[in-house]
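Colleague: Just to be clear, the model below is a prediction. Sequence and coordinates:
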Amino acid sequence: MVMKNILKATDNGLGNGETPIFPIQIFKVKEGINYNPGDPNYDIYKETMKVSAKRLFPNYSFLDAPYNIQYYKEGHPETEVAYMGCRTRVIGNVYDPDREITYGRGNLSFTSINLPRLAILSNKNVDFFFEQLDRMCDLVVEQLLERFEIQCSKLVRNYPFLMGQGVWIDSEKLGPNDSVRDVLKHGSLTTGFIGLAECLKARAKALRSSDSK
């Protein structure tokens, strides 16, 4: 009932019919639950496709995909991958591979690359576009690591809810004046992007313009 009414509200839109951007909806899809005809919640999956075709939401998390199923353990919902839009994915844990779960973790920081801007700046030069994309990715990584160091310099008392209430893995073991560095290492840093469709459209327009000449 809850899911059906959330989808209904999303389909109807806001006061003047606008698409609601937040909260970002992620619909989990799994065989035996909602993926195939005959699954208990297949009707809801079909409804999400109708709404998403109109509103672009919800987004989808396919739990049986090879890059997700490797973490999944039956009966342990904490091993289901967590997403948010284009730039957050929480499941793998390079700091502690024995704790590849979503509970008690999160995305620390993210930066989105403006793809349409790079496409416009490249002015029909594909090689230049990818050179700038590589440069921008390197810049984002440096920026995220610098911000990570700033976050790690804080103490538990600087994060009274997340750390003081034991929301993050192992934070319950720390005192108010302890560093949060080892706790934050369970988190993730993300390079995101915006405007892929617009970027491709700008590229296609440039190609048509070049062909016409």
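Modeller: Thanks, I have it.
Colleague: alpha carbons only for contacts and neighbour counts from here, please
Modeller: OK.
Colleague: wait, what's in contact with the residue nearest to the spatial centre of the chain?
Modeller: Geometric centre of the chain, nearest residue: residue 88, 2.5 Å, by CA atoms, centre = their mean. Contacts for residue 88 were tallied using CA atoms under 8 Å, 6 or more residues apart in numbering; they are 82, 107, 110, 190, 192.
Colleague: Let me have those in a markdown table, adding secondary structure, pLDDT and neighbour count as columns.
Modeller: Shown next, in a markdown table, are the contacts of residue 88 (DSSP: H, G, I helix; E, B strand; the rest coil; pLDDT from 0 to 100; neighbours: other CA atoms under 10 Å):
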| residue | secondary structure | pLDDT | neighbour count |
| --- | --- | --- | --- |
| 82 | strand | 92 | 19 |
| 107 | strand | 91 | 17 |
| 110 | strand | 90 | 19 |
| 190 | strand | 90 | 19 |
| 192 | strand | 88 | 16 |
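Colleague: Quick check: the gap between residue 26 and residue 202.
Modeller: The gap separating residue 26 from residue 202 is 29 Å, by CA to CA, to the nearest Å.
Colleague: So if I had to pick from those two, which one is more boxed in?
Modeller: Using other CA atoms under 10 Å, the more surrounded residue of residue 26 and residue 202 is residue 202, with 19 against 15.
Colleague: per-residue pLDDT, the closest residue to that one other than its chain neighbours?
Modeller: Spatial nearest neighbour of residue 202, chain neighbours left out: residue 119 (6.5 Å); criterion: CA to CA, 6 or more residues apart in numbering. Note for residue 119: predicted pLDDT of 92.
Colleague: Quickly find the element holding residue 119.
Modeller: helix 115-122 (DSSP states H and E).
Colleague: got it, and residue 139?
Modeller: Using DSSP H and E, the element containing residue 139 is helix 126-152.
Colleague: Relative to the whole chain's centre, how far out is that helix?
Modeller: 18 Å (CA atoms, centre = their mean, to the nearest Å).
Colleague: Contacts for the helix or strand just after that helix, please.
Modeller: Going down the chain from helix 126-152, the next helix or strand is helix 181-184, by DSSP H and E. Contacts with helix 181-184, where a contact means CA under 8 Å, 6+ apart, come from 108, 151, 152, 153, 154, 168, 169, 170, 171.
Colleague: Can you pull out the low-pLDDT segments for this protein?
Modeller: Within the chain, the segments meeting pLDDT under 70 span 86, 203-213.
Colleague: mind running it again at 90?
Modeller: Residues of the chain meeting the criterion pLDDT under 90: 20-24, 83-89, 123-124, 126, 162, 164-165, 192, 197, 200-213.
Colleague: With adjacent residues omitted, what lies nearest to residue 47?
Modeller: Nearest non-adjacent residue to residue 47, counting by CA to CA, 6+ apart: residue 7, 7.5 Å away.
Colleague: Check residue 114 too.
Modeller: Residue 114 sits nearest to residue 194 (CA to CA, 6+ apart), 5.4 Å away.
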